[in-house]
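Participant: sequence plus predicted model, see below.
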Amino acid sequence: MIGPGFPVVLRAAASGDEDAFGRLWYDLQPRLLRYFRVVAPQAAEDLASETWLAVIGAIGRFQGSEPAFWAWVFTMARHKALDWRRLTGRRPTQDLPFTGPAEPLAPDDPAAAAVEGASTRAALALIATLPTDQAEAIALRVIAGLEVSRVAKLMGKRPGTVRVLTHRGLRRLAEQLGADSSAYARRVM
Amino acid sequence: MDADDAWSVELRRLLAIPDLDPLALDEVSAERLLAGDLDPDQAPPGYAEVAALLAATVAAPSPAELAGQQAALAQLQAVVRAHRARTRGSGKPSRRRRVGLVVAVAAAALSTGGIAAAATGHLPHPIRDAARSIFAAQGDTTPIPLIKPGRQPATGVGDPDTTGASTDRQGQRLPGEPGPTAMTNVPNNPQCRAKAGKGTGKNPDAADHAFRRSGRHRRQPRHPLPAIPTRRHRDQRPREADPAQQPPPWAGQQAASQHRQQARPGTGCTASVQQWQSQPGRPPDTGHTDDRHRRVEGVREGPGRR
């Protein structure tokens, strides 16, 4: 989070300042990617790029605080994910096996970055196994860092429903991890 | 002790156990887990691994997740350049220009409305008085007519000398107003002038016939048109027509045409027909269209053709 200087950064980013926009992008891009890896794993990178295109096109018209900006961005992201689901529902595709390098090497600590990235991917993959509403509610609460009221508005549900969804999701995660904790450990390592 | 008693005893024993559900999670702990405020060591039983998993989802970004920054910045620059080009191309008109445009439109609307009100006689009295004073200052003695809507009181019905210009006898002349011979301003009537003017100098008979066939003379207002004395040129003939110069209407088509040519500058087409209708021995005007047409045709054909 940028904090109190967010309005200045947002104004500068809307006027084309690369540094200001880079700060927004650096804050939001990893979360966007992780959110998409939960709700649309096959097209996470593409959907993140499309979301940024939409943000760039409309950032000049946005007015609000930093949490509102995050909610605005994730609202666009959710719309992109819904569009992608509809599209794949009409035209199902089959993924080909990936043969290239999994991730580019990090400049400073490749081993640590690989382990951390692998653990994050494993955690996101486990959340993605939950029912869609539960996985999305947990992703928006944890990854996007949104409050219950904003998540409820974004998902078109009541706040109590969102609480129930996250509670059930956490419980299901605990059950899966307790039943097969060694499996999660194997994914992480 | 039967089976029911055994079940109740067992239920009572199970209810005495405080944490029957091993994965029970209260709301506060759930909120702390979701907010990332709960370490795995402090998590409720069964949720330590969940806390570690949720912490992994918000770990520091890997270089792979930040690889597309340059592409996003390039896209931002392209969008900003396009927006600036659009803004520069579609410059709004200046404030001064907009104010001038508004003033011009208002002036045009006011002048159009004023002309329309003056033409229809709906000018307010103060404005009419002001216009009259202006014209009087310029030496123009033309009175500005006051035409009030509604039917005027009828007097002298049937009297040829007092009947107004209307041929259908609906409009009657007010006492003191000029008689038919005073319809010297009928050529100023736009309807009569427009219809008769088409044939002026060419075929006035045909023009008059077309005017009468159009039925405009029957749609005259119910009140007589007021006499509007106009300024005359020096060489212009007096508007008042001499009854002695008017030929008899039964003199045939040639005579009628000649009569119209003589009477047109002074009496106008409507007044000449009205005078013909007021001649003794003519059948009364029933107001019927066919009847009127028949009689007009009779004038043109003349008694010899009948």
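Facilitator: Structure's in. What do you need?
Participant: report the rounded mean pLDDT for the host helix or strand of A:Thr88.
Facilitator: Using DSSP states H and E, A:Thr88 sits in helix A:66-90. Helix A:66-90 shows a mean pLDDT of 94.
Participant: try stretch B:53-65
Facilitator: 89.
Participant: chain A: helices as residue ranges?
Facilitator: For chain A, the helices defined by DSSP state H cover A:6-14, A:18-39, A:44-58, A:66-90, A:110-128, A:132-138, A:148-155, A:159-179, A:181-188.
Participant: pLDDT wise, what is B:Asp129 at?
Facilitator: The model's pLDDT for B:Asp129 equals 81.
Participant: whoops, I mixed them up, A:Thr161
Facilitator: At A:Thr161, pLDDT is 95.
Participant: so what's the residue count around A:Gly145?
Facilitator: 18 (other Cβ atoms under 10 Å in any protein chain shown). To be clear about C-beta, it is placed using only N, CA and C from the backbone, and glycine gets the same treatment.
Participant: which residue packs closest to it, ignoring adjacent ones?
Facilitator: Residue nearest to A:Gly145 in three dimensions, not counting chain neighbours: A:Trp70, with 6.9 Å by Cβ to Cβ, 6 or more residues apart in numbering or on different chains.
Participant: ok, now which ones touch that neighbour?
Facilitator: Going by Cβ atoms under 8 Å, 6 or more residues apart in numbering or on different chains, A:Trp70 touches A:28, A:144-146.
Participant: now the phi/psi pair for A:Gly64, please.
Facilitator: phi 160, psi -180 (degrees, to the nearest 10).
Participant: state the distance from it to A:Arg150.
Facilitator: 11 Å (Cβ to Cβ, to the nearest Å).
Participant: these two: who's more crowded?
Facilitator: The neighbour comparison of A:Gly64 against A:Arg150 (other Cβ under 10 Å) goes to A:Arg150, with 22 against 13.
Participant: these two touch, right, that one and A:Ala71?
Facilitator: Yes. Taking Cβ atoms under 8 Å as the definition, A:Arg150 is a contact partner of A:Ala71 at 4.6 Å.
Participant: mind putting the contacts of A:Trp70 into CSV with pLDDT?
Facilitator: As requested, the contacts of A:Trp70 are exported to CSV (pLDDT from 0 to 100):
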residue, pLDDT
A:Leu28, 94
A:Ala144, 94
A:Gly145, 93
A:Leu146, 94
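Participant: redo those as TSV? Include distance to B:Ala56.
Facilitator: Shown next, in TSV, are the contacts of A:Trp70 (distance: Cβ to Cβ, whole Å):
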residue	distance to B:Ala56
A:Leu28	19
A:Ala144	16
A:Gly145	15
A:Leu146	19
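Participant: and of those residues, the nearest to A:Arg37?
Facilitator: A:Ala144 (12.8 Å; Cβ to Cβ).
Participant: picking that back up, the helices of chain A: lowest mean pLDDT?
Facilitator: Lowest mean pLDDT within the helices of chain A: helix A:181-188, a mean of 53.
Participant: which residues touch the helix or strand where B:Gln75 lies?
Facilitator: Using DSSP H and E, B:Gln75 falls within helix B:69-89. Here helix B:69-89 makes contact (Cβ under 8 Å, 6+ apart) with A:13, A:15-16, A:18, A:21-22, A:25-26, A:29, A:49, A:52-53, A:56-57, A:60.
Participant: so what sits against both of A:Gly64 and A:Arg150?
Facilitator: Contacts common to A:Gly64 and A:Arg150, judged by Cβ under 8 Å, 6+ apart, are absent.
Participant: what sits against A:Phe21?
Facilitator: A:12-13, B:72-73, B:76.
Participant: in JSON lines: those, plus distance to B:Leu33 and neighbour count.
Facilitator: Listed next are the contacts of A:Phe21 as JSON lines, based on distance: Cβ to Cβ, whole Å; neighbours: other Cβ atoms under 10 Å in any protein chain shown:
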{"residue": "A:Ala12", "distance to B:Leu33": "36", "neighbour count": "17"}
{"residue": "A:Ala13", "distance to B:Leu33": "33", "neighbour count": "24"}
{"residue": "B:Ala72", "distance to B:Leu33": "32", "neighbour count": "21"}
{"residue": "B:Leu73", "distance to B:Leu33": "36", "neighbour count": "17"}
{"residue": "B:Leu76", "distance to B:Leu33": "36", "neighbour count": "26"}
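Participant: determine which two of those residues are furthest apart.
Facilitator: Pairwise over these, using Cβ to Cβ, the maximum falls at A:Ala12 and B:Ala72, 15.5 Å.
Participant: up against chain A, what does the stretch 1-150 of chain B have?
Facilitator: Within reach of chain A by Cβ under 8 Å from any Cβ of the partner chain, the stretch 1-150 of chain B has these residues: B:23, B:25, B:27, B:30, B:33-34, B:36, B:46-47, B:49-50, B:53-54, B:56-69, B:71-73, B:75-77, B:79-80, B:83.
Participant: among those, which ones are buried?
Facilitator: B:23, B:25, B:30, B:33-34, B:46-47, B:49-50, B:53-54, B:56-58, B:61-62, B:64-65, B:68, B:72-73, B:75-76, B:79-80 (16 or more other Cβ atoms under 10 Å in any protein chain shown).
Participant: of those, which belong to helices?
Facilitator: Going by DSSP H, the helices hold B:30, B:33-34, B:49-50, B:53-54, B:56-57, B:72-73, B:75-76, B:79-80 from those.
Participant: my guess is B:Pro45 meets B:Pro22, correct?
Facilitator: Yes. The pair B:Pro45 / B:Pro22 is scored as a contact, 6.6 Å apart, by Cβ under 8 Å.
Participant: which residues are common contacts for these two?
Facilitator: Counting by Cβ under 8 Å, 6+ apart, nothing touches both B:Pro45 and B:Pro22.
Participant: quick check: the farthest pair among the ones in helices among the buried ones among the residues of the stretch 1-150 of chain B next to chain A?
Facilitator: Going by Cβ to Cβ, the pair spanning these furthest: B:Glu49 and B:Val80, at 46.2 Å.
Participant: what about A:Arg11, distance to A:Met76?
Facilitator: With distances taken as Cβ to Cβ, A:Arg11 is found 20 Å from A:Met76.
Participant: these two - which one has more neighbours?
Facilitator: Using other Cβ under 10 Å as the criterion, A:Arg11 and A:Met76 rank with A:Met76 on top: 17 against 13.
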